[in-house]
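Asks: Please find the sequence and the predicted model below.
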Amino acid sequence: MTEALAAPRSHFGRPENTRRTLVLFLGPCVLYLLIFAIYPLVHSLRLSFTDLTAAAGTGRFVGLENYRFLFSDPQFWNAAMNSAIMVGLGVTIQVVAGVALAMFFNLNLRGAWIVRGILILPMLMTPIVVGVMWRALLNPDWGLVDWAITSIGLSPPDWLGSVRMAIVTLVLVDSWQWTPFVFMIVFARLQALPQDVFEAAEVDGAGPWTTFRRITLPMLMPAIVFAAVFRAVDAFRAFDLIYGLSYGGPARGTTTLAFFAFQNGFQFQNYGYAAAVAYAMLIVLAVGTTVLFRFLSLRRGLT
Amino acid sequence: MRLDATRRDLLRGLTALGVGAGFGAGLGAGFGAGPAFAQDFDWKKYAGTKIGILMTGDENDHRALADLLPEFFEQTGIEMEITSPALGALIEKTLQNLQAEQSSYELINYLGFLTTQQVGAGYFEQLNKWIEDPAHTPAEWDFADFLPPAMANVGTFDMASGTVGEGSDVFGIPGLHSGSVIYFYRKDLFEAKGLKPATTWDEFRAAAEALHSDEVAGCSFIGANDFSLAAVDWFTRFITTGGKLMDGSPKTKDFMPRITSAEAVGALQMMIDLLPYAPENVTRYGFAENVDGFSTGKIAQMVFWSTIAGPIFNEENSLVADKTGTGKVPAAPGQVARAIQGGWGVGIPANADPAKKDAAWLALLWVTSKRYNDYAMETYQIDASRISTYENPDLVAKLPYLPDSLSASMTAEAIATSHVPEFFQLNDIMNVEFNAALLGTQDAAAACAKVQSQWEDVLRKGGHLA
């Protein structure tokens, strides 16, 4: 009985050895997280409650003042709207185009592997390079795209010169770069789907559209949702592409929340306010991803 | 000692006369001629010391300095390491260093627009004790040779009133470059139409209209959401039509913008009215687009930073090198032709290693010397901070625009918003709203009203406006 009540022996020997092992294996990870994740998060949270600017070396505690100002700041809401467009429109285009490409390449046409390889090249480029490259391509005076459009007798849109068009251009460039990512995820899932379901559907007389809508799409849904969530988070945080492509302009037509936080922090040195913007983004992201992943789990359950 | 007293007295006397740190060139010549001890100056006294300079990497200054580092080392025996990030990172890094217990850099380069923020906060060492000591400063360095407006913009600061350009206390030396705005025009096109270079804004517009064609835009300007939209194009038109940017002072918390004034709206309207004669995509034109456009012969005239004269007069890069003329910026009748004061200052952080401060001063002398200024101007066409560089006959023969650059630099006006740390934020607001006006989404009056309202909010938040 005494022996039964004694502490169970672990794989690593005595209990004190277990603790040592835990410290040994988990310690570095915990330390890493404390230094590089928890401390910056806590520090920036503290900053968001101060009025720290470059001029005032030590920030005064202002409570929720930055957050109050933020929610009444039209520039913040303009940036939030641009971020919403970038996420909503961008991810929709990327998912639709990515799924379409995956379906197309699933036909296993001859030589498709070469095209597939080329297709994923954009996502291998860094977004800042993509931004600068497209800014040059879309230059109205000497850009290749406008030249090509003009040479076939059409009039090119004012890609980055019009407030309304610029955000669309940003979404299109983002989609150019990241549709291949959605394609890869969906295509991998598509390749792994069990073929007997499709054979049964064929025997039952289901046409291509019905098969896609009733069988393929539901079975692809976990991959699609995963890719969409991943892309939504990435698009929401996008900064470098905007920095290279439009620098938030014209006017504030492409200023997203990430760019707005950058401007306040690194151009205007309003560190407290920039931290509040960053925390507002963090909260939106945390809530958004939790909701979307709940949806992903639900779909897994259904499929 | 007598010499020291004379220098300080001169500074004070000139300040009392209302010229800030302005020591005229004529006065300076005598001042700089100096006693004979300069020839015996020991440049090697801090040999073996290693110092670091934090400076801008956005322009060519760091390249010019890097070119001269071997020469600097040979003459002083001091090893200098250059760190030159882009502006945003530079400001961040500068503030980190200035606020640290000890700065990692013995010399820091700061933008003139940030003098109040960085010098005014007490982060930089007062330099008078070195300037006035012949044991530390050879006469041939010639303190009086610096452009007075540049010195007023980055050098002198009155800590008691928190005002840049006042008093005789020097906290920074103009460098590694200075500069202002001049007028560029195509001589051949003007001559072909029998026109004279514009001296008024009405003449500027008339020339734009007369010269505009499918091949060449009658004029151009910064129309994009860019720093220089407000700072160069709008501000030049504004002050040369009698505009006054601010009333009151940040110190007395009555620093009130005047962006809804007739001159402010008029300056923006003047740009809107020029749109038909500007390049089709001028609302996307920033610095590079205008330089490219002018160099490739697609623009007939514009006012711009004088620093672009180098590439425009360089036959290797420009199609219009021999067809370009320069002059003062246009102004309304009765107004003085002038524009914004640009440029940088160099100082010694107050928290730099005390053991290296004397060596840092020696290095500061070197990087702001005539030698550096002449080299940077000749090799990279970097606008100098010294009068003598603009007047150097060899350089003038090679770079014919230098007299106009000097004239612009001598009359340049520091923008009043640089007196508050929120300068960049205020500038950004103006650029955004004016860009929107040029795009046609609002008129000039509405844009100016929005700027006024947003500026007031920012100034109130910053405690500069009650």
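Replies: That came through, no problem.
Asks: which regions of the chain sit below the pLDDT cut-off?
Replies: This is for chain A. In the predicted model, chain A carries pLDDT under 70 at residues A:1-16, A:54-58, A:295-303.
Asks: right idea, wrong chain: chain B
Replies: Across chain B, the stretches falling below the confidence threshold (pLDDT under 70) are B:1-39.
Asks: so the residue sitting nearest the centre point of it bridges to which residues?
Replies: Centroid check for chain B by Cα atoms, centre = their mean gives B:Gly342 as the closest residue, at 1.5 Å. Assessed by DSSP bridges, B:Gly342 has beta-bridge partners B:Gly179.
Asks: Compute the distance between it and B:Ala198, please.
Replies: Plainly put, B:Gly342 is 22 Å away from B:Ala198 if you go by Cβ to Cβ, to the nearest Å. All C-beta spots, glycine's among them, are computed from the backbone N, C-alpha and C.
Asks: What segments of the chain are strands?
Replies: Since you didn't name a chain, this refers to chain A. With DSSP state E as the criterion, chain A has no strands.
Asks: let's do chain B instead
Replies: Applying DSSP E to chain B gives strands spanning B:50-54, B:79-83, B:107-111, B:157-158, B:163-164, B:173-179, B:181-186, B:246-247, B:256-257, B:301-305, B:324-327, B:342-347.
Asks: Quickly run through the sheet partners of the fourth one, with directions.
Replies: Think strand B:157-158. strand B:163-164 (antiparallel).
Asks: Get me the contact residues on chain B for chain A.
Replies: When proximity is defined by Cβ under 8 Å from any Cβ of the partner chain, chain B lies next to chain A at B:88-89, B:91-92, B:95, B:99, B:117, B:121, B:224-225, B:279-281, B:283-284, B:289, B:293, B:421-422, B:424-425, B:428, B:432-433, B:435-436, B:439, B:441, B:461-462.
Asks: for chain B, what are the nearby residues on chain A?
Replies: Selection of chain A residues close to chain B by Cβ under 8 Å from any Cβ yields A:53-55, A:57, A:69, A:140-141, A:158, A:160-163, A:247-252, A:263, A:266-270.
Asks: Would you list the buried entries among these?
Replies: Among those, those buried by neighbour count (16 or more other Cβ atoms under 10 Å in any protein chain shown) are A:53-55, A:69, A:140-141, A:158, A:160-163, A:247-252, A:263, A:266-270.
Asks: In helices, which of those residues fall?
Replies: A:Phe69, A:Val163 (DSSP state H).
Asks: Could you break the chain into its assigned domains?
Replies: Answering for chain A, as no chain was given. Residue ranges for the domains of chain A, per automatic domain parsing: A:2-37, A:65-302.
Asks: I was after chain B.
Replies: Using automatic domain parsing, the domain parsing of chain B gives B:2-179+B:341-411, B:181-339+B:422-461.
Asks: Could you give the separation of the first one from the chain centroid?
Replies: Once both centres are worked out by Cα atoms, centre = their mean, to the nearest Å, domain B:2-179+B:341-411 turns out to sit 13 Å from its chain's centre.
Asks: So which residues of the stretch 301-450 of chain B form helices?
Replies: Assignment of helices within the stretch 301-450 of chain B using DSSP state H, counting those that start in this stretch yields the ranges B:309-313, B:357-367, B:370-380, B:387-391, B:393-398, B:402-411, B:423-439, B:444-461.
Asks: Could you list every helix and strand in contact with the third one?
Replies: Other elements packing on helix B:370-380 under the criterion 3 or more Cβ pairs under 8 Å, 6 or more residues apart in numbering or on different chains; DSSP states H and E are helix B:61-76, strand B:173-179, helix B:387-391, helix B:393-398.
Asks: Equivalent analysis for the first one, please.
Replies: Helix B:309-313 is packed against strand B:181-186, helix B:287-295, strand B:324-327, with contacts defined by 3+ Cβ pairs under 8 Å, 6+ apart.
Asks: okay, now B:Tyr380: neighbour count?
Replies: Using other Cβ atoms under 10 Å in any protein chain shown, B:Tyr380 has 18 other residues around it.
Asks: Surely it and B:Gly310 touch.
Replies: Yes: assessed by Cβ atoms under 8 Å, B:Tyr380 is found in contact with B:Gly310 at 6.9 Å.
Asks: Leaving out sequence neighbours, find the closest residue to A:Gly131.
Replies: In space, and not counting its chain neighbours, A:Gly131 is closest to A:Gly244: 2.3 Å by Cβ to Cβ, 6 or more residues apart in numbering or on different chains.
Asks: can you pull the contacts of the one you found?
Replies: When the contact criterion is Cβ atoms under 8 Å, 6 or more residues apart in numbering or on different chains, the partners of A:Gly244 are A:Pro127, A:Ile128, A:Val129, A:Val130, A:Gly131, A:Val132, A:Arg135.
Asks: among the residues you listed, which are in helices?
Replies: A:Pro127, A:Ile128, A:Val129, A:Val130, A:Gly131, A:Val132, A:Arg135.
Asks: wait, which of the helices and strands packed on helix B:370-380 is closest to A:Val95?
Replies: Nearest to A:Val95 among the helices and strands packed on helix B:370-380 is helix B:61-76 (45.9 Å), distances taken as Cβ to Cβ.
Asks: Please work out how many residues are found near A:Arg189.
Replies: A:Arg189 has 18 neighbouring residues, counting by other Cβ under 10 Å.
Asks: oh, I was asking about B:Ser318
Replies: Around B:Ser318 there are 20 other residues, counting by other Cβ under 10 Å.
Asks: what's the spacing between it and chain A?
Replies: Relative to chain A, B:Ser318 is positioned 16 Å away (Cβ to the nearest Cβ, to the nearest Å).
Asks: contacting residues around that residue?
Replies: So B:Ser318 contacts B:Ser295, B:Pro311, B:Ile312, B:Thr324 (Cβ under 8 Å, 6+ apart).
Asks: where's the closest residue to B:Asp443 other than its chain neighbours relative to B:Phe41, distance?
Replies: The shortest distance from B:Asp443 to any residue other than its chain neighbours is 6.6 Å, reached at B:Ala437 (Cβ to Cβ, 6+ apart). Counting by Cβ to Cβ, the gap from B:Ala437 to B:Phe41 is 56 Å.
Asks: The two - which one has more neighbours?
Replies: More neighbours surround B:Ala437 than the other of B:Ala437 and B:Phe41, with 25 against 18 (other Cβ under 10 Å).
Asks: Isn't that one up against B:Met270?
Replies: No: B:Ala437 lies out of contact with B:Met270 (Cβ under 8 Å); the separation is 11.7 Å.
Asks: Counting neighbours, what do you get for the residue lying closest to B:Gln102 once chain neighbours are set aside?
Replies: Spatially, and ignoring its direct neighbours in sequence, B:Gln102 is nearest to B:Asn351 (5.4 Å; Cβ to Cβ, 6+ apart). B:Asn351 has 17 neighbours, counted by other Cβ under 10 Å.
Asks: returning to what we had before: highest mean neighbour count out of the helices of the stretch 301-450 of chain B?
Replies: Comparing those by mean neighbour count (mean count of other Cβ atoms under 10 Å in any protein chain shown), helix B:423-439 ranks first with a mean of 24.
Asks: What is that helix packed up against?
Replies: Using 3+ Cβ pairs under 8 Å, 6+ apart as the test, helix B:423-439 ends up in contact with helix B:262-274, helix B:444-461.
Asks: No further queries at this time; thank you.
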